[in-house]
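K.L.:
Attaching a predicted model along with its sequence, questions to come.
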Number of protein chains: 2
Amino acid sequence: MSKLLVFGHQNPDTDTIASAIALTYLLNELSIAAEAVALGKPNAETKYVLDYFRVDQPRIIETASNETDAVVLVDHNEKQQSVSDINEVSIKGVVDHHRIANFETSDPLYYRAEPVGCTATILLKLFKEYEVTIPNHIAGLMLSAIVSDTLLLKSPTCTSEDVRAAEELADIVGVSLDEYGLEMLKAGTDITSKTPEE
Amino acid sequence: MSKLLVFGHQNPDTDTIASAIALTYLLNELSIAAEAVALGKPNAETKYVLDYFRVDQPRIIETASNETDAVVLVDHNEKQQSVSDINEVSIKGVVDHHRIANFETSDPLYYRAEPVGCTATILLKLFKEYEVTIPNHIAGLMLSAIVSDTLLLKSPTCTSEDVRAAEELADIVGVSLDEYGLEMLKAGTDITSKTPEE
Ligand SMILES: [Mn+2]
Ligand SMILES: [Mn+2]
Ligand SMILES: [Mn+2]
Ligand SMILES: [Mn+2]
């Protein structure tokens, strides 16, 4: 098997980028070769998050099959939201929190979905199950994903598990959940960071 | 939500029956109302297993929507292998080890699949994650499911995780994996237990 490419959906949001990076970190710690990539540029909020935690933007890909035969999806499963040539590669795993639709594989795979507000909430469980310590910057990305997907724990999709996960991650990072969360959401709506077309 | 019905595929095999009973036990221990049912009569092998561990045969259902609006699938996901009115109920969870195909939900759900030889191998992990002790008779059913699906750890689908799970479960039950496994497989092929039509 060639190196796994790990990516989220098109028009990436903070959960898609953060979860691709966090899951790739976990896989690498488990000695599985993997690279986090993205299907588009990070938005203003995600840029703020990556800058804040000094993490490089993931490489952007147009297609996957030109460089690998094996991929892992985060934060989505529907083919129309995925890489353009998803039918040309083998989906080895999915970590997601959405309904399942327009998804099919020819072989058994790892599929981990839970009805929570954010992919990163599920990833926190995976780090614990595999007993991998979460470094500060990865915890920061995961916290940001939960803040983004749940609008600072206020969205109707937010569950008690998301709340507990956000609190635990904020403790690891050493930030105030409310202060950091508000700054981050504000950065995402800051028009000065947008180009005229946006 | 009404009581969850938990069931495996049509023409049930030992993994389908055993995993429905084991997952239902786990859910009940977590204070989630659930009942294990089956989509058909147990085969000779499964009858031997249920008798051996003194577990009642699960109730057989023809349809689900007449008694619940919420179901959990084990050991399958494809609609054509499931209950006839699967489109009339909400699938709240799946624990499976097959490829995903012809499966779709309108809402997020728990989906736990791993590319291992048997559903019961995944269930053993779930018992550990939720810190629920496995009683002797449930361990016996789970062991039997692994023996059945992997032909006593000899099938090409058997993974090192299945081997470890079978050994651990045999220890809990207090039987010899090889001796019990051979007896069980033999019981499944014993023609004296079959009706003339079979
Ligand atoms: Mn997303
Ligand atoms: Mn998300
Ligand atoms: Mn089966
Ligand atoms: Mn099976």
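P.N.:
That came through fine. Ligands and ions are numbered 1, 2, ... in the order given.
K.L.:
for the lengthiest strand in chain A, what is the average pLDDT?
P.N.:
As assigned by DSSP state E, the longest strand anywhere in chain A is strand A:90-96. Here strand A:90-96 scores 98 as its mean pLDDT.
K.L.:
Tell me where chain A has helices.
P.N.:
A:14-29, A:44-52, A:119-129, A:136-150, A:160-173, A:177-189 (DSSP state H).
K.L.:
Which strands and helices lie in contact with the shortest one?
P.N.:
Packing partners of helix A:44-52 (3 or more CB pairs under 8 Å, 6 or more residues apart in numbering or on different chains; DSSP states H and E): helix A:14-29, helix A:136-150, helix A:177-189. C-beta coordinates here come from the backbone N, C-alpha and C atoms, glycine included.
K.L.:
what about chain A, any weak spots by pLDDT?
P.N.:
A:1, A:191-198 (pLDDT under 70).
K.L.:
Tell me the residues on it that lie near ligand 2, please.
P.N.:
Neighbours of ligand 2 within chain A, by CB under 5 Å from the ion: A:15, A:75, A:119, A:149.
K.L.:
ok, the last one touching residue A:15?
P.N.:
When you say that, I think you mean residue A:149. Yes: taking contacts as CB atoms under 8 Å, residue A:149 lies within contact range of residue A:15: 4.9 Å.
K.L.:
Between those two, which has more neighbouring residues?
P.N.:
Higher neighbour count among residue A:149 and residue A:15: residue A:15, with 31 against 26, using other CB atoms under 10 Å in any protein chain shown.
K.L.:
give me the number of residues near the closest residue to that one other than its chain neighbours?
P.N.:
In space, and not counting its chain neighbours, residue A:15 is closest to residue A:145: 4.0 Å by CB to CB, 6 or more residues apart in numbering or on different chains. A total of 33 residues lie near residue A:145 under the criterion other CB under 10 Å.
K.L.:
and residue A:145, what does it touch?
P.N.:
By CB atoms under 8 Å, 6 or more residues apart in numbering or on different chains, the contact set of residue A:145 is A:14, A:15, A:18, A:19, A:22, A:118, A:119, A:120.
K.L.:
Going by distance to residue B:44, which of the residues of chain A next to ligand 2 wins?
P.N.:
For the residues of chain A next to ligand 2, the minimum distance to residue B:44 (CB to CB) is 44.4 Å, reached by residue A:119.
K.L.:
For that closest one, give me its contacts.
P.N.:
A:8, A:15, A:16, A:19, A:74, A:75, A:95, A:96, A:97, A:145, A:149.
K.L.:
Turn the helices and strands packed on helix A:44-52 into JSON lines, including distance to ligand 3.
P.N.:
Formatted as JSON lines, the helices and strands packed on helix A:44-52 follow (distance: least, CB to the ion, whole Å):
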{"stretch": "helix A:14-29", "distance to ligand 3": "29"}
{"stretch": "helix A:136-150", "distance to ligand 3": "36"}
{"stretch": "helix A:177-189", "distance to ligand 3": "45"}
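K.L.:
Show me what residue of chain A gets nearest to ligand 3.
P.N.:
For chain A, the residue closest to ligand 3 is residue A:108, as judged by CB to the ion, at 12.5 Å.
K.L.:
Look up the closest residue to that residue, ignoring the ones flanking it.
P.N.:
Leaving aside its chain neighbours, residue A:108 sits nearest to residue B:115 (3.8 Å; criterion: CB to CB, 6+ apart).
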